[in-house]
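need a 3D model of the following:
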Amino acid sequence: MLLGSIDDIVGAQTRIHVPKTSEIVADKIRAQIVRGELNEGDTLPPEGQLMDSLGISRPTLREAFRILEAEGLISVVRGSRTGAKVHKPSVDLVSRYAGYVLESQQTTIADLYQARLAIEPSVVRWLATDKGGGAIPKLRNLLAEMERLLEDDHHEEFIAKVEVFHQALVAATGLKTITFLSRMLLNLAGKHQLEFQRRHPRPKEARQKSHRAGLRSYQKVVDLIEAGEVEAAVSHWRLHLTNANAAWTSEGEGGRIVDSLGSV
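Residues are numbered from 1 along each chain as shown. Take a look at the predicted model:
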């Protein structure tokens, strides 16, 4: 039995997808947001105005809006007389989807923390080589704020600032790709840490002692970076992360699969 001519086979494999009008409209608005022509908080023109200027129907425009809303690039208040509000692409949204992918691949919590260990010591090396590259004042201000939180016994706020410190450390390199990847990992790790503390509560005194030891470690790495002590800074931060990873993956937590969905 013949399978058909070569032309038939090639034609079946190279069918061209003709985008719907709503997809074209979504592409146009998405491009304006990504390129910075539309900024966070901007408002799109009202529906009637967009329909006239683009020469499209209301159902087509609303389908385009649904596409962009699903991507987190706009928010539409139903019944509002104003246009949709613009949002810049979000790391949180990407982290959520990345979590879906990692969970579907049966990625463990231990794997997640190993990825952080692969990034941050290199970051510290780059920073220490340049003695902080001008980022030291910002890091010290953040550490002073964290110290005040501990003095005021605001330990939940302190925990949130730990993630901010890690983000600031990586962002100080000025490398956008590494900063993005690190933020994604930190967002996923932060979710696990909240769940860890819920599942394994500690006495207040033990928690306070741990937080103060952590703060001293953050202060030491900044001191070493500022002094240009490259190898000492890298060694210290690698040890810090190794110990932190061991703590967060203890109690059988390391073998858990990344939980991107939470309780359902």
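
contact partners of stretch 248-261?
96, 99-100, 102-103, 106-113, 188-189, 191-193, 195-196, 199-200 (C-beta atoms under 8 Å, 6 or more residues apart in numbering). For the C-beta atoms, the positions are set from N, CA and C on the backbone; glycine is no exception.

just the buried residues from these, in PyMOL please.
Buried members of the contacts of stretch 248-261, defined by 16 or more other C-beta atoms under 10 Å, are picked up in PyMOL with:
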select buried, resi 96+99+102+107+108+109+112+113+188+189+191+192+193+195+196
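
what segments of the stretch 51-200 of the chain are helices?
Remark: helices assigned in the stretch 51-200 of the chain by DSSP state H, counting those that start in this stretch are 58-70, 91-104, 109-129, 136-151, 155-171, 176-199.

quick one: closest of those to residue 40.
helix 91-104 (13.2 Å; C-beta to C-beta).

report the contact partners of the residue minimising distance to the centre of the chain.
For the chain, the residue nearest the mean C-alpha position is residue 184 (3.1 Å; C-alpha atoms, centre = their mean). Applying C-beta under 8 Å, 6+ apart to residue 184 gives the contacts 91, 94-95, 98.

can you rerun that using 6 Å?
Residues in contact with residue 184, defined by C-beta atoms under 6 Å, 6 or more residues apart in numbering, are 95, 98.

how near is it to residue 122?
Taking C-beta to C-beta, to the nearest Å as the measure, residue 184 falls 17 Å from residue 122.

per-domain residue ranges of the chain.
Annotated domains of the chain cover 15-86, 92-255 [automatic domain parsing].

export those to CSV and tack on mean pLDDT?
CSV is the format used below for those (pLDDT from 0 to 100):
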stretch, mean pLDDT
domain 15-86, 91
domain 92-255, 94
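
quick one, which of the helices of the stretch 51-200 of the chain is nearest to residue 85?
helix 58-70 (10.4 Å).

mind listing what's buried in the helix or strand containing residue 207?
Assigned by DSSP states H and E, residue 207 belongs to helix 204-227. For helix 204-227, the neighbour count (16+ other C-beta under 10 Å) marks 211, 214-215, 217-219, 221-222, 224-226 as buried.

just name whatever secondary elements it is in contact with.
helix 136-151, helix 230-248 (3 or more C-beta pairs under 6 Å, 6 or more residues apart in numbering; DSSP states H and E).

out of those, the one nearest residue 117 is which?
Nearest to residue 117, of the helices and strands packed on helix 204-227 and by C-beta to C-beta, is helix 230-248 at 5.0 Å.

tilt between the closest one and helix 155-171?
Orientation check (axes from the mean of the first three to the mean of the last three C-alpha atoms, to 10 degrees): helix 230-248 against helix 155-171 gives 140 degrees.

now helix 230-248, how far from the centre of its chain.
Relative to its parent chain, helix 230-248 has a centroid offset of 22 Å by C-alpha atoms, centre = their mean, to the nearest Å.

contacts for stretch 88-103?
40, 72, 183-184, 187-188, 257-258, 260.

now do that stretch: distance to the chain's middle.
7 Å.

ok, stretch 243-263 next?
18 Å.

cool, stretch 102-114 as well?
For stretch 102-114 - counting by C-alpha atoms, centre = their mean - the centre lies 16 Å from the chain centre.

swap in stretch 47-57?
35 Å.

dump the buried residues of helix 204-227 into CSV; add distance to residue 26 as well.
Shown next, in CSV, are the buried residues of helix 204-227 (distance: C-beta to C-beta, whole Å):
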residue, distance to residue 26
211, 46
214, 45
215, 46
217, 47
218, 43
219, 48
221, 45
222, 45
224, 49
225, 44
226, 48
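
now flag whichever of those is closest to residue 164.
Among the buried residues of helix 204-227, and counting by C-beta to C-beta, the member closest to residue 164 is residue 218, at 11.0 Å.

looking at the domains of the chain, which is buried most?
Mean neighbour counts were compared across the domains of the chain using mean count of other C-beta atoms under 10 Å; the top stretch is domain 92-255, at a mean of 16.
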